[in-house]
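Peer 1: Next one to model:
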Amino acid sequence: MMQYKDAEEANVPSGRLRSMLSWIRSTFPRPTTARNGDPSTLFFGHGVGIAGLVALLLIPLPFLPAFQLVEARLFDVLSTIAPPRPSQPGVTIVAIDEPSFSEIAQRWPWSRELHARLIERLRAAGAKVIGFDIIFAEPSTNAADTALADAVGPDTVLAADEVTTEMHQATQTTRVEPIQPLLDAGATPGFTSVDLDGDAYLRRMPQMPDSFAATALNLAGESVETPPPGALIQYFGPARSYPTFSYYQALDPDAFLPPGTFKDRIVFVGLSLKAAATTDSGATDTFPTAYTLSTGHVTAGVEIQATILDNLRHKLFVTQIAPFAIAALIGIAALLAVVLCRRGVTWRTGVIAVLGVVALFAGSWLLLRFGRTWASPALPSVAMLGVFGARFGLDYARERQLRRTVSEAFSRYLSPDLVAQLARNPEALKLGGERRNLSILFCDVRGFTTLSERLKDAPERLTALINRLLDPLSEAVLKEGGTIDKYMGDCVMAFWNAPLPTPDHPLRAVSASLRMMEAVVHLNEILKKEEGENAPTFAVGVGINTGDCVVGNVGSRWRYDYSVLGDTVNLASRLESLSKEYGVSIILGPATAEAVREHYVLIELDRIAVRGRSTQSAIFTVVAPAAERADPAIAAFEEAHGILVESIKDGRIDDALALIGQCRSLRPALANYYDKLKAKLSGDL
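Peer 2: Below you'll find the model as predicted:
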């Protein structure tokens, strides 16, 4: 067995590491440091080019229909945040709804005589303008048409429609207007045609000067201007936001409604069915609006006409900025991001990026809310994040290249965890250490000298066998988060709780030792299958101790290693050597045993003298996991061994010898230990 000696036994060639580190620093400078000393110069020149590339990639997007829908949805969201509202709704709605169908008890379409009676009642109630969002394009009965014609007048707007049909040879536009007797009676047609976006949402203001809402305002004595092309509707609330009364109530307002309900009001009449208020209902004359995203409900066409009227009357519709202005915003946002991240990407840069995007969205909302102008923040935000992302990508790629180079250079000398720490902080490569509570493990191969003699003429075979054994032993350490300090011939030294903190390090060290035992058994089975009865049989002994140590780069300025020093290490090495003497595979120091007592069944092997202490310290071995304490055999064994230990302490050797046989039969796996103990006690007689 190769005894543990000193930190310089297997130390790293420090001069080579220092030369590697110097070459790495000169070849891969830190991303935020420019050669002229200005940390912003290195990126800023390239950043302008990146900003230009990002802008060039984004500027065409507003012309793509798919992205236009993205911006439209964004408008829906922002336009419903604290929207401007008229001091009072400009329209009162008379709804052709379910209660009216129930009360009136007529099949749809209702008789025009009924509509004539409604007009007369509304006019008598003081309505200023009456608009029907119903197209009377075909004659009905002569009496009904005559009654409606007698009722309409200069204060009446009747719905008309304009249908555009794309044909191979031309585009055909058809205007559908009320029948001529109604127009001759003084009614004015108002076109209710609307243009839907690609997602079937209604956002666009009608461009016709004789639209239904504009015509109603003109009849009320108010002049309005046609909104500019592409103007967007500002909605004021979800469905039923306007004052709405049932058709049957308007037929008899004195009986059903408060006085003055229709006095000097513009009244729109149209379908408004509550049962058809969801997006999947398939109802006619209903449309998704900006509020559909949050409510899931569509809005009746007559209420949308009322909304358009208030947009025209108060000029609350929203105009869109020109494409060149969007392009300018994209470029400005990208250049601003270059300036903000010129010193590198840190957590502060991430906060700045988030605040920048929030500022763009807030600015867009303020412009929408108070300037009645829509400037989508989507692409400027993407431009800003794109530049931040490019800077992060460049920094990350450079940092990964630096870490990869450091790791490749040092991975053959240091533990993986230490390599990772060194890659993050190369300045840590210096002499020095710190005091920590660690768990130290030594594992040595039993019978290595005999095996070496046997294979003295085949050193390659010996090396291959030892490597096959050291590989699973090392894997057991690494799976439990340990750091492999060094290999000393056939001996492995490892420790826990450094360089990375491991709160349960004693438990992990013991778990690693048990993994080692399993790995040795598995390897022996494989070798036996490969070579038969002549295959070598491996066995290992493990010593584990827990205590305070000095851990760090130990050695000289020419040669040093990341290792541990202290009496705790020396005792762990001694425990490993004692495992052969006591005939057990694992021996634990007292501090380790105390830390894992709740997790494993332990027995005290003996008490040994420890340097620096006046009293002897108990040493232990692992019998079984704590869960097996419920096994009567394990419980009986624990009790018997406890009495055995007390008998030895009290000098009752005859009693102890009598108990050895009982303990040996209860735990055959420890037969070797009890045989050695019996021989020792017999010699004391």
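
Peer 1: contacts, neighbours, all on C-alpha from now
Peer 2: OK.

Peer 1: chain center to the helix or strand hosting residue 518, what's the gap?
Peer 2: Using DSSP states H and E, residue 518 maps to helix 505-531. Helix 505-531 sits 39 Å away from the centroid of its parent chain (Cα atoms, centre = their mean, to the nearest Å).

Peer 1: ok, now stretch 295-312?
Peer 2: On Cα atoms, centre = their mean, the centre of stretch 295-312 falls 39 Å from that of its chain.

Peer 1: Return the set of buried residues in the helix holding residue 518.
Peer 2: Neighbour counts over helix 505-531 (16 or more other Cα atoms under 10 Å) mark 505-517, 519-520, 523-524, 527 as buried.

Peer 1: Run me through the strand neighbours of the helix or strand following it, direction for each.
Peer 2: Counting by DSSP H and E, the next helix or strand C-terminal to helix 505-531 is strand 540-555. The strands beside strand 540-555 in its sheet (DSSP bridges) come out as strand 432-445 (antiparallel), strand 559-565 (antiparallel), strand 586-588 (parallel).

Peer 1: Mind jotting down where the helices sit in the stretch 351-500 of the chain?
Peer 2: 378-410, 416-424, 448-454, 459-479 (DSSP state H, counting those that start in this stretch).

Peer 1: which residues of the stretch 51-200 of the chain score low on pLDDT?
Peer 2: 167, 170 (pLDDT under 70).

Peer 1: what ranges do the strands span in it?
Peer 2: Ranges of strands in the stretch 51-200 of the chain, per DSSP state E, counting those that start in this stretch, are 91-96, 129-132, 156-166, 171-176, 188-191.

Peer 1: ditto for the stretch 551-685 of the chain
Peer 2: 559-565, 586-588, 600-609, 616-625.

Peer 1: didn't residue 90 look like it was pressed against residue 309?
Peer 2: Yes. Using Cα atoms under 8 Å, residue 90 is in contact with residue 309, at 7.2 Å.

Peer 1: any idea how far residue 73 is from residue 473?
Peer 2: Separation of residue 473 from residue 73 (Cα to Cα, to the nearest Å): 60 Å.

Peer 1: er, residue 159 I mean
Peer 2: Remark: distance between residue 159 and residue 73 (Cα to Cα) = 29 Å.

Peer 1: which of these two has more neighbours?
Peer 2: Per other Cα atoms under 10 Å, whichever of residue 159 and residue 73 has more neighbours is residue 159, with 24 against 16.

Peer 1: In the sheet, which residues pair with that one? Tell me.
Peer 2: Per DSSP bridges, residues listed as beta-bridge partners of residue 159: residue 190.

Peer 1: thinking residue 306 is in contact with residue 91, fair?
Peer 2: Yes. Counting by Cα under 8 Å, residue 306 touches residue 91, with 5.7 Å between them.

Peer 1: Now the common contact residues for the two.
Peer 2: 242, 268 (Cα atoms under 8 Å, 6 or more residues apart in numbering).

Peer 1: Burial check on the spatially closest residue to residue 508 that is not a sequence neighbour, number of neighbours?
Peer 2: Excluding the flanking residues, the one nearest residue 508 by Cα to Cα, 6 or more residues apart in numbering is residue 480, at 5.6 Å. Residue 480 has 19 neighbours, counted by other Cα under 10 Å.

Peer 1: repeat for residue 398
Peer 2: Residue 398, neighbours per other Cα under 10 Å, totals 16.

Peer 1: next one: residue 399
Peer 2: With other Cα under 10 Å as criterion, residue 399 counts 18.

Peer 1: who does the closest residue to residue 575 other than its chain neighbours bridge with?
Peer 2: Leaving aside its chain neighbours, residue 575 sits nearest to residue 543 (4.6 Å; criterion: Cα to Cα, 6+ apart). The bridge-partner assignment for residue 543, based on DSSP bridges, gives residue 442, residue 587.

Peer 1: Let me know the pLDDT of residue 502.
Peer 2: pLDDT, residue 502: 89.

Peer 1: ok, now which ones touch it?
Peer 2: By Cα under 8 Å, 6+ apart, the contact list for residue 502 reads 481, 496.

Peer 1: and it, which of the three is it?
Peer 2: Assigned with DSSP: H, G, I helix; E, B strand; the rest coil, residue 502 falls in the coil class.

Peer 1: What separation is there between it and residue 522?
Peer 2: Taken as Cα to Cα, the span from residue 502 to residue 522 is 28 Å.

Peer 1: and residue 102, how many neighbours?
Peer 2: By the criterion of other Cα under 10 Å, residue 102 has 10 neighbours.

Peer 1: quick one: the helices in the stretch 51-200 of the chain?
Peer 2: Going by DSSP H, counting those that start in this stretch, the stretch 51-200 of the chain shows helices at 65-79, 98-104, 112-124, 142-151, 180-184.

Peer 1: In CSV, list those along with distance to residue 248.
Peer 2: Output for the helices of the stretch 51-200 of the chain, formatted as CSV (distance: least, Cα to Cα, whole Å):
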stretch, distance to residue 248
helix 65-79, 35
helix 98-104, 5
helix 112-124, 9
helix 142-151, 17
helix 180-184, 23
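
Peer 1: most neighbours per residue, which of those helices?
Peer 2: Of all the helices of the stretch 51-200 of the chain, helix 112-124 carries the top mean neighbour count, a mean of 19, counting by mean count of other Cα atoms under 10 Å.

Peer 1: Thanks a lot, see you next time.
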